[in-house]
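Asks: For reference, the sequence and a predicted model appear below.
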Amino acid sequence: MLPMDVSDIAYDAFLINGHEQQFLPAKPHDRVRLRLINAGAATYFFVHSAFPQMTIVAADGNEVRPFKTNRLLMGIGETYDIIVTMPDSGSCEIRATAQDVSGYASLMLGSGAAHMAGSIVRPNYYNMDHMVAQSLDMDDDPLHPNASPYKYLRSLHKTGYGKNHPTRSIDLHLTGDMERYRWSFNDKTLNEESTILVKRGEVLRINLVNDSMMHHPIHLHGHFFRMINEAGAHSPLKHTVDLPPMGARTIEFLANEKGDWFFHCHLIYHMDAGMARVVSYDDQGADHRPELGPSAYEPWYWMVDGVIQSNMTMGMAGIMWGRENFILGWERAMGDHEENHNDTLLQKPDHQMKIKEHKGENQFVWSHYFDPNISSMVGYRFSLENSEDNRFFAGVSYRLPYLIRTELSLNNSGEARIALSKSLQITERLELMGRMQYDSADEWEHAVSAEYTLTKNFGLTGGYDSNHGWGVGLGFHF
């Protein structure tokens, strides 16, 4: 996983009207109007071209005051109408590049010698200044490559609703956790909280705040909303709004329809994982319940993560459903330490004595997820040592600053255990991991390891564990 969650899915190809490259006719000096539609399921696109500039004249099908830009970021479901002017000769490329710069689709306008748009530099995932600029609308020049077009969208007509309609405001925080893949509004999925009630004739203002580190395109069915920006009374009408990481937008719409309308993240995997609501008109009766369909079901996820090394094997296999985790963990020495070490081992330091004695343990854990920072856990530990008994235990897992994971537990014999762990991504393929643990029965344990990624499922591992000594082997992740 990259340090920043830019994309959910790695795709093999990106298409324009079904083709990786499309050709459309155009004559020299023609002014060509194109409607760009991001019809992808899960990909944001940077759109740029070989033309000196592109003129935006409409957003989501609504006319706006024309303005020029060099590049725009399009969320899933958004549309922009642009006008370009053909040069004296040759063809010009308009390119749509995936936000993670993993590929692109190309449109060639005209004929003759090709003028290409060039490549977008892959972003620095450790320094996301361009995302910060988008979230704060810092760029005052629409031609700046990091500028969001939202700041410059201005409707040709006033879009306000007048004073005859009462206005009500609600806050919706966009919340999520990439590690367990849970997406929500106000930390509640569609299954946990499904409905936003509206009254016909009112103006509902929604303050959207993105608390996650991913872009989210938020879409409302059946209505155009005003996206409040610097244009004031001329704020543009849209049906999809992009929320950059840590960014905020305010939208409002006149409730002049009837029935139920879906309101959701237009990134399909986030929608299916719970980032959705139903806007429901309250005149359908007190007993009305919207038909939510399959999007209301909490998805199941399974995962297996572990290592097999020359000195030991350890890892976990788990199922995640909603806020619940059911995990089987294991740690076991490889080989027979009694046979591998002669009696002189008894004369060596204590930590080597521990390598001889420790065979490992298994545990089954039920964990309840409260938020990305804290989870409770209850479980049972199966010791592989003849001298130790099996134990029930309960505890908490908490994420400290700098993404340090801590676990504190107490077993039925009154013995306590505290553990700290941290992983550090050194390069795109090399990761360092450290763990320190104190158990009132076994005292101190520690481990340091590294893994070099070979594929998304396998990697080369090696390191030192105070229970098992040095070892090398294979890591696996499914």
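Replies: That came through fine.
Asks: mind listing the helices for the stretch 151-300 of the chain?
Replies: 268-272 (DSSP state H, counting those that start in this stretch).
Asks: quick one, strands of it?
Replies: 167-177, 182-185, 195-198, 203-210, 216-220, 225-227, 237-238, 240-243, 248-254, 260-265, 276-281, 300-309 (DSSP state E, counting those that start in this stretch).
Asks: want to try a markdown table for those strands, with distance to Met334 as columns?
Replies: The way it works is simple: take the backbone N, C-alpha and C, and place the C-beta from them, glycine included. Converted to a markdown table, these look like this (distance: least, CB to CB, whole Å):
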| stretch | distance to Met334 |
| --- | --- |
| strand 167-177 | 34 |
| strand 182-185 | 35 |
| strand 195-198 | 54 |
| strand 203-210 | 46 |
| strand 216-220 | 45 |
| strand 225-227 | 59 |
| strand 237-238 | 59 |
| strand 240-243 | 49 |
| strand 248-254 | 52 |
| strand 260-265 | 45 |
| strand 276-281 | 47 |
| strand 300-309 | 7 |
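Asks: Tell me which of these sits nearest to His288.
Replies: Of all the strands of the stretch 151-300 of the chain, it is strand 276-281 that lies closest to His288, at 7.1 Å by CB to CB.
Asks: pLDDT value on Ile76, please?
Replies: Looking at Ile76, its pLDDT reads 97.
Asks: List the contacts of Ile16.
Replies: Shown in contact with Ile16 (CB atoms under 8 Å, 6 or more residues apart in numbering): 22, 96, 105-107.
Asks: ok, now Asp305?
Replies: 315-317, 476-478 are the contacts of Asp305 under CB under 8 Å, 6+ apart.
Asks: Next one: it from Ser91, what distance?
Replies: 50 Å (CB to CB, to the nearest Å).
Asks: repeat for Trp330
Replies: On the measure of CB to CB, Trp330 and Ser91 end up 60 Å apart.
Asks: Looking at those two, which has the bigger crowd around it?
Replies: Ser91 (21 against 17; other CB atoms under 10 Å).
Asks: which ones are touching that one?
Replies: Neighbours of Ser91 in contact, by CB under 8 Å, 6+ apart: 23, 26, 108-115.
Asks: cool, and Asn373?
Replies: With CB under 8 Å, 6+ apart, Asn373 has these contacts: 398-399.
Asks: any idea how far Ile228 is from it?
Replies: 32 Å.
Asks: got it, and Gly222?
Replies: Distance of Gly222 to Ile228, computed by CB to CB: 20 Å.
Asks: quick one on the thing from earlier: list just the nearest of the contacts of Ser91 to Arg205.
Replies: Looking across the contacts of Ser91 and measuring by CB to CB, the closest to Arg205 is Leu109, at 40.9 Å.
Asks: Could you check how many residues crowd around Tyr80?
Replies: Residues near Tyr80, counting by other CB under 10 Å, number 23.
Asks: so it sits right up against Ala58, yeah?
Replies: Yes: using CB atoms under 8 Å, Tyr80 is in contact with Ala58, at 6.9 Å.
Asks: list the residues that contact both of these two?
Replies: Joint contacts of Tyr80 and Ala58 (CB under 8 Å, 6+ apart) are Arg35.
Asks: Met467 touches Glu445, doesn't it?
Replies: Not quite, residue 467 is Asn, not Met. Yes: the pair Asn467 / Glu445 is scored as a contact, 5.9 Å apart, by CB under 8 Å.
Asks: about what we covered before: could the contacts of Asp305 be laid out in TSV, adding distance to Lys422 and neighbour count?
Replies: As requested, the contacts of Asp305 are exported to TSV (distance: CB to CB, whole Å; neighbours: other CB atoms under 10 Å):
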residue	distance to Lys422	neighbour count
Gly315	18	16
Met316	17	16
Ala317	23	15
Phe476	21	15
His477	18	17
Phe478	23	11
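Asks: so how far is Leu243 from the closest residue in space to Thr167 that isn't next to it in sequence?
Replies: Of all residues not flanking Thr167 in the chain, Val203 sits nearest, at 4.5 Å (CB to CB, 6 or more residues apart in numbering). For Val203, the distance to Leu243 equals 21 Å [CB to CB].
Asks: what does Ala96 give?
Replies: 21 Å.
Asks: quick one: the strands in the stretch 1-150 of the chain?
Replies: Under DSSP E, counting those that start in this stretch, the stretch 1-150 of the chain gives strands at 21-24, 31-37, 45-49, 54-59, 62-69, 71-74, 79-85, 91-98, 104-109, 114-115.
Asks: nope, the stretch 351-478 of the chain is what I meant
Replies: Under DSSP E, counting those that start in this stretch, the stretch 351-478 of the chain gives strands at 360-371, 374-383, 391-400, 404-411, 416-425, 430-439, 443-453, 458-465, 469-477.
Asks: Format those as CSV; extra columns: mean pLDDT.
Replies: Putting those into CSV (pLDDT from 0 to 100) gives the following:
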stretch, mean pLDDT
strand 360-371, 94
strand 374-383, 94
strand 391-400, 96
strand 404-411, 96
strand 416-425, 94
strand 430-439, 96
strand 443-453, 95
strand 458-465, 97
strand 469-477, 96
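Asks: In the stretch 51-200 of the chain, where is pLDDT below threshold?
Replies: When residues are selected by pLDDT under 70, those of the stretch 51-200 of the chain lie in 125-147.
Asks: Now do stretch 32-41: distance to the chain's middle.
Replies: Relative to the centre of its chain, stretch 32-41 is centred 24 Å away, using CA atoms, centre = their mean, to the nearest Å.
Asks: oh, I was asking about stretch 462-478
Replies: Taking CA atoms, centre = their mean, one finds the center of stretch 462-478 at 29 Å from the center of the full chain.
Asks: Name the residues that touch it?
Replies: Contacts to stretch 462-478, defined as CB under 8 Å, 6+ apart, come from residues 303-313, 315, 331, 333-334, 351, 354-355, 358, 360, 433, 444-451, 456-461.
Asks: Distance across it, terminal residue to terminal residue?
Replies: Length of stretch 462-478, first residue to last, CA to CA, to the nearest Å: 19 Å.
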